[in-house]
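**Student:** all I have is the shape, not the residue letters:
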């Protein structure tokens, strides 16, 4: 059974930092592209950051470039999202996603972790 478990969310003041983690189990982690999405109240889910299987390539939505960093540790089956200079508009539920496609499509989601940026 595949599980993705996010942790590290919480309440932080504007300008502060948080580091999210997503621990995966039940899958061959290094085969998967890992992504972080977020969904704010009343808005559609948005892709925030992507990291390739061995971490050699990353991509970010424009609104977080220079502030967020995605990384992974394949030995620990964990992906991270370091979030700096947080803004109120970063407030959302953040979801971890694992994606792999070869003949078949494998697409798994975590339960989400709440990030609230407020003074």
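**Tutor:** Now that the structure is in, tell me what you want to look at. Because the structure is predicted, anything quoted here is derived from the model rather than measured. Residues are numbered from 1 along each chain as shown.
**Student:** center of this structure - which residue?
**Tutor:** The residue at the geometric middle of the chain, judged as the C-alpha nearest the mean C-alpha position with CA atoms, centre = their mean, is residue 36 (2.6 Å).
**Student:** got phi/psi on that one?
**Tutor:** phi -110, psi 130 (degrees, to the nearest 10).
**Student:** hang on, isn't it packed against residue 95?
**Tutor:** Yes. With contacts defined as CB atoms under 8 Å, residue 36 counts as touching residue 95 at a distance of 7.1 Å. Glycine gets a C-beta too; all of them are placed from N, C-alpha and C.
**Student:** which one's the longest strand in this protein?
**Tutor:** Ranked by number of residues, the top strand in the chain under DSSP state E is strand 92-102.
**Student:** for it, packing partners?
**Tutor:** Using 3 or more CB pairs under 8 Å, 6 or more residues apart in numbering; DSSP states H and E as the contact test, the elements touching strand 92-102 are strand 3-7, strand 18-25, strand 33-39, strand 104-109, strand 113-117.
**Student:** the longest one pairs with which strands?
**Tutor:** Just to be clear, that refers to strand 18-25. Here the strand partners of strand 18-25, with direction, are listed using DSSP bridges: strand 3-7 (antiparallel), strand 78-83 (antiparallel).
**Student:** what number of residues are in the vicinity of residue 60?
**Tutor:** Residue 60: 17 surrounding residues under other CB atoms under 10 Å.
**Student:** who's in contact with it?
**Tutor:** The neighbourhood of residue 60, defined by CB atoms under 8 Å, 6 or more residues apart in numbering, consists of 48-50, 68, 70.
**Student:** redo that, cut-off 7 Å
**Tutor:** For residue 60, the residues meeting the contact criterion (CB atoms under 7 Å, 6 or more residues apart in numbering) are 48-49, 68.
**Student:** just residue 38 next, same as before
**Tutor:** When contacts are counted by CB under 7 Å, 6+ apart, residue 38 touches 46, 48, 92-95.
**Student:** how close does it get to residue 49?
**Tutor:** Here the criterion is CB to CB, to the nearest Å. By it, residue 38 lies 10 Å from residue 49.
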